[in-house]
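Chemist: 3D, please:
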Amino acid sequence: MNEQGKWWVQIARNLNAHLGNDRANQDHPPQPPLIARNLNAHLGNDRANQDHPPQPPLSFLKDAEQKQCGDLRVQQWVFEINSIANDAVAILETYSFEAGKRASRLKACACICRKEKKFYNVAEEIQSLKQRIMDISRKRETYGITNINYNSGEGPSNLQVTTLRRTTSYVDDQDNIFVGLQDVVEKLLAELLKAEPRRRVLSLYGMGGLGKTSLARKLYTSPDILNRFHTRAWICVSQEYNTMDLLRNIIKSVQGRTKETLDLLERMTEGDLEIYLRDLLKERKYFVVVDDVWQREAWESLKRVFPDGKNGSRVIITTRKEDVAERADDIGLVHKLRFLSQEESWDLFRRKLLDVRSMVPEMESLAKDMVEKCRGLPLAIVVLSGLLSHKKGLNEWQKVKDHLWKNIKEDKSIEISNILSLSYNDLSTALKQCFLYFGIFPEDQVVKADNIKWLWIAEGFIPRGEARMEDVAEGFLNELIRRSLVQVANTFWEGVTECRVHDLLRDLAIQKALEVNFFDIYDPRSHSISLFIVPDAIGSLYHLKFLSVRGLGDLPSSIGNLKNLQTLVFGGYNCQLPQNIATLINLRHLIYPYSKPLVGICKLTSLQVVDGIYCDQWEDVDPVDLVNLRELRMYSIKKSYSLNNISNLKNLSTLTLCCEDYESFPSLEFVNCCEKVHKLWLEGRIEKLLDLFPNSITMIALFYSGLTEDPMPILGMLPNLRNLNLVNAYEGKEILCSHNSFSQLQFLILGDLEKLETWHLDTSAMPLIKGLGIHDCPNLKEIPQRMKDVKLLKRNYKRW
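Modeler: Take a look at the predicted model:
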């Protein structure tokens, strides 16, 4: 087969992958392949009838990607390839939907032979696609794109995914930014905690990448601040801001996010919100961070809602603009962030490097030259360190230096944009797509890690292979974090639950995305378009793979048309699943607070995550067919119900069970039979702990357990337990961690143990402990001496 024919074969393979011909998941029958065969015939694919392993989209563009950085013609070529791939997938999905409405596959074949109008239109679209592919093929030869890697697209193996997902502790991540700046933190804390009753504003300013937000967060989460200010709030203003949204966000932070509060806020005008917030804060000693202020007008519109109750309230604002900082408050403090010294810069670089031990003297010399050119800008240093961490050997490091030095003179510093672009260009195709996707979110927005991973899967960025796509997506996110292209916003235990990208990196993502037509930007000031979809129209969106809706009653039955849907997030209350939910055969993630009868959920064999199910509906579920379910979160559990059939979920790894109004659990002995469960969250009274937990458990959270016997002797014997949260879980006066107990424990949180007085800790217990949080244990006389040097963990009781 000639080179052009091989290239066409690769396109056909990529399109076949989207048809669902995934041998890694035998629970789904392959979708009708007729359109793929038709398309393959046009493409000259002489192996159209063979089954091919799914390939990641556009893996054949490796050579083109290397060339597009400096060649606008190749950039345009990649742009057109992306467009064709997207159109081809749309054709396939349209065919699958129309053919799926026929009674049988044979009938669908007959319809094609008769050339019904809809299928005839599909054939016309294929002809058009064929012509576009031929045009692009000619351009490829013109541009000299020769090294088409059409066999390298198989998805990652389980071993590769394990490497990508390797456990990384992000507990110390923020501290790395403050190398050499601890004196600044202590100075600013002292200013904030001064016995000055008037409300004061601390303004932090400096150029992008200096760490203003990180410094503000360090202050915001300081134990001293937590102890002195019980009302705290954090808001991001950014360049495009909406004052009403900012006011609502502060109120939600202070008052909580109950349904009543949310409904009330939606009905208020801007004036109402201002009055409501002032009344809410006037009697409180508050601490508020207003992050990323660009205009004085933005601060002025917010300033008046922070009353001066003469009780020592404090506000921090961060800004790049000196005039905004200087004029924020008459009695405020202004602090300009400085650049790191050469010694501090090198220290930060080494802390962020994944493997310092592999750095031989010659590599160290190269690195010091590059770090010195960063001129003390923390963001540039950590991104450079992340880039070099993925380059092995002296030659690879020399290539990085050569690229950076290409456009600078010896007496100049490296432009941060050069480092960021070089780091982006070093990513694989799939990682580039994942990184660019962050550009669609508003500036400074914190993104839930689960949402971004599920969106990547829905968009087709995650290659199929022997490993679960959710695991691959988690590995990709961790990789972007290790490269310092994505920042950790929040963690629970060892996992990232929320993330964000720095403004400068978001700017890079938008720039690169526009170059390759990855997405477009809608500006309401220059477009007069409005989009409104009534509920019944949802069923016509049959290309949809990710659907998140709020504010509706029950979803319409037409949702059964969405055969491609992978993720359904529904924000209603006490809702009922549609009768035809069983037709969503590709559904992987179901986040839906449903308390009414379940219909057909057992037929959704692709389900990986179920969150929101009420216990009284679970009794009628036969979970034997839910062979892929990994995460289950169940609420409103009552003692009268049985949960024993959960033990039939043989691949379950995460289990959250919450009792109604913290009443008692029914028997939990079934948990011991869940041999693959790693994470366990139990919220409610437990009669006894004996023999409940399998040895696979690595993380346990017990809330409101009402235990009267010390749980430590039982929990301490679990061989793989790394994380333990005990919150309002024990009513005794002492705990005992005996000889050789908790051999793998790394993080421990004790919270709201009001009667606890004494903690006995054997010298051989908890040998690996590195994080400890003790919150609201007022009668605890003293913590063991060995624990006094362990890093303090902040209070974080969010469910993962």
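
Chemist: After the strand or helix carrying residue 471, which helix or strand is next? Please name it.
Modeler: According to DSSP states H and E, residue 471 maps onto helix 469-482. Where DSSP H and E defines the elements, the next helix or strand beyond helix 469-482 is strand 487-492.

Chemist: List the residues that contact the residue sitting nearest the centre point of the chain.
Modeler: Centroid-nearest residue in the chain: residue 449, 1.4 Å away (criterion: C-alpha atoms, centre = their mean). Residue 449 makes contact with 474, 477, 495-499 under the criterion C-beta atoms under 8 Å, 6 or more residues apart in numbering. C-beta: built from backbone N, CA, C; applies to glycine.

Chemist: Please name the nearest non-neighbouring residue to residue 403.
Modeler: Spatially, and ignoring its direct neighbours in sequence, residue 403 is nearest to residue 422 (5.6 Å; C-beta to C-beta, 6 or more residues apart in numbering).

Chemist: helices or strands up against the strand or helix carrying the one you found?
Modeler: Using DSSP H and E, residue 422 falls within helix 416-425. For helix 416-425, the elements it packs on are helix 378-389, helix 394-405, helix 503-515, judged by 3 or more C-beta pairs under 8 Å, 6 or more residues apart in numbering; DSSP states H and E.

Chemist: now the first one and helix 394-405, what's the angle there?
Modeler: This points to helix 378-389. Comparing the axes of helix 378-389 and helix 394-405 via axes from the mean of the first three to the mean of the last three C-alpha atoms, to 10 degrees yields an angle of 150 degrees.

Chemist: if you average pLDDT over helix 378-389, what comes out?
Modeler: The average pLDDT for helix 378-389 rounds to 92.

Chemist: Could you do stretch 623-643 as well?
Modeler: The average pLDDT for stretch 623-643 rounds to 90.

Chemist: buried ones in that stretch?
Modeler: 623, 625-637, 641, 643 (16 or more other C-beta atoms under 10 Å).

Chemist: Just the mean pLDDT for the helix holding residue 422, thanks.
Modeler: Helix 416-425 comes out at a mean pLDDT of 90.

Chemist: Equivalent analysis for stretch 600-615, please.
Modeler: Averaging pLDDT along stretch 600-615 yields 86.

Chemist: for that stretch, which positions count as buried?
Modeler: 601-602, 604-615.

Chemist: residues near residue 594, how many?
Modeler: Close neighbours of residue 594, defined as other C-beta atoms under 10 Å, add up to 23.

Chemist: I'd say it and residue 611 touch.
Modeler: No. Taking C-beta atoms under 8 Å as the definition, residue 594 is not a contact partner of residue 611, at 10.6 Å.

Chemist: from the buried residues of stretch 600-615, which is closest to residue 256?
Modeler: Set against residue 256, the nearest of those by C-beta to C-beta is residue 612 (19.8 Å).

Chemist: what residues are up against residue 291?
Modeler: Going by C-beta under 8 Å, 6+ apart, residue 291 touches 212-213, 216, 234-237, 317-318, 444.

Chemist: how much space between the closest residue to it other than its chain neighbours and residue 458?
Modeler: Nearest non-adjacent residue to residue 291, counting by C-beta to C-beta, 6+ apart: residue 236, 4.7 Å away. For residue 236, the distance to residue 458 equals 26 Å [C-beta to C-beta, to the nearest Å].

Chemist: tilt between the helix or strand where residue 702 lies and strand 487-492?
Modeler: Using DSSP H and E, residue 702 sits within strand 699-703. Angle between the axes of strand 699-703 and strand 487-492 is 60 degrees (criterion: the same axes, to 10 degrees).

Chemist: In CSV, please show the C-alpha coordinates belonging to strand 699-703.
Modeler: What follows is strand 699-703 as a C-alpha-only set of coordinates in CSV (Å, rounded to 0.1, in the frame of the first residue of the first chain):
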residue,chain,number,x,y,z
MET,A,699,-8.7,5.6,52.9
ILE,A,700,-11.4,5.7,55.5
ALA,A,701,-13.6,8.6,56.7
LEU,A,702,-16.0,8.0,59.6
PHE,A,703,-18.5,10.8,60.5
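
Chemist: Show me what secondary structure element comes after that strand.
Modeler: helix 712-715.

Chemist: Next, the buried residues of that next one.
Modeler: Buried, per 16+ other C-beta under 10 Å, within helix 712-715: 712, 714-715.

Chemist: Let me know the next secondary structure element after it.
Modeler: strand 723-727.

Chemist: buried stuff in that next one?
Modeler: Buried-residue list, strand 723-727, by 16+ other C-beta under 10 Å: 723-727.

Chemist: Parallel or antiparallel, which strands does that strand pair with?
Modeler: Sheet pairing of strand 723-727 (DSSP bridges) gives strand 699-703 (parallel), strand 747-751 (parallel).

Chemist: Quick check: residue 88 touching residue 128?
Modeler: No. In this structure, residue 88 is not within contact of residue 128 by C-beta under 8 Å, at 10.8 Å.

Chemist: Name the residue in the two with the higher neighbour count.
Modeler: residue 88 (23 against 12).

Chemist: so which strand or helix has that one?
Modeler: Assigned by DSSP H and E, residue 88 belongs to helix 72-100.

Chemist: same question, residue 542
Modeler: Counting by DSSP H and E, residue 542 is part of no helix or strand.

Chemist: burial measure for it, as a count.
Modeler: 19.

Chemist: cool, residue 343 as well?
Modeler: Number of residues near residue 343 (other C-beta under 10 Å) recorded here: 10.

Chemist: Residue 515 now?
Modeler: By other C-beta under 10 Å, the residues close to residue 515 number 16.

Chemist: can you pull the pLDDT of it?
Modeler: pLDDT recorded at residue 515 is 82.

Chemist: Distance of it relative to residue 432?
Modeler: Distance from residue 515 to residue 432, by C-beta to C-beta: 11 Å.

Chemist: Cross-check residue 646 against the secondary structure; I expect a strand.
Modeler: No. Per DSSP: H, G, I helix; E, B strand; the rest coil, residue 646 lies outside any strand segment and is helix.

Chemist: Report the separation between it and residue 639.
Modeler: Counting by C-beta to C-beta, the gap from residue 646 to residue 639 is 16 Å.

Chemist: How about residue 692?
Modeler: In terms of C-beta to C-beta, residue 692 sits 16 Å off from residue 639.

Chemist: same deal with residue 469?
Modeler: 38 Å.

Chemist: what about the residue nearest to residue 403, how many neighbours?
Modeler: 18.

Chemist: Wait, it touches residue 406, no?
Modeler: No. Counting by C-beta under 8 Å, residue 422 sits too far from residue 406 to count as a contact (10.0 Å).

Chemist: Give me the domain ranges for the protein.
Modeler: 3-154, 162-167+341-515, 181-336, 700-800 (automatic domain parsing).

Chemist: any chance of those domains in JSON lines, with distance to residue 656 too?
Modeler: Formatted as JSON lines, the domains of the chain follow (distance: least, C-beta to C-beta, whole Å):
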{"stretch": "domain 3-154", "distance to residue 656": "24"}
{"stretch": "domain 162-167+341-515", "distance to residue 656": "12"}
{"stretch": "domain 181-336", "distance to residue 656": "19"}
{"stretch": "domain 700-800", "distance to residue 656": "6"}
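
Chemist: Of all these, which one is nearest residue 663?
Modeler: If we rank the domains of the chain by C-beta to C-beta, the stretch that ends up nearest is domain 700-800, at 9.4 Å.

Chemist: That closest one: how far from the chain's middle?
Modeler: Remark: domain 700-800 is offset 29 Å from the chain centroid, using C-alpha atoms, centre = their mean, to the nearest Å.

Chemist: same question, stretch 478-494
Modeler: Distance, centroid of stretch 478-494 to centroid of chain: 9 Å (C-alpha atoms, centre = their mean).
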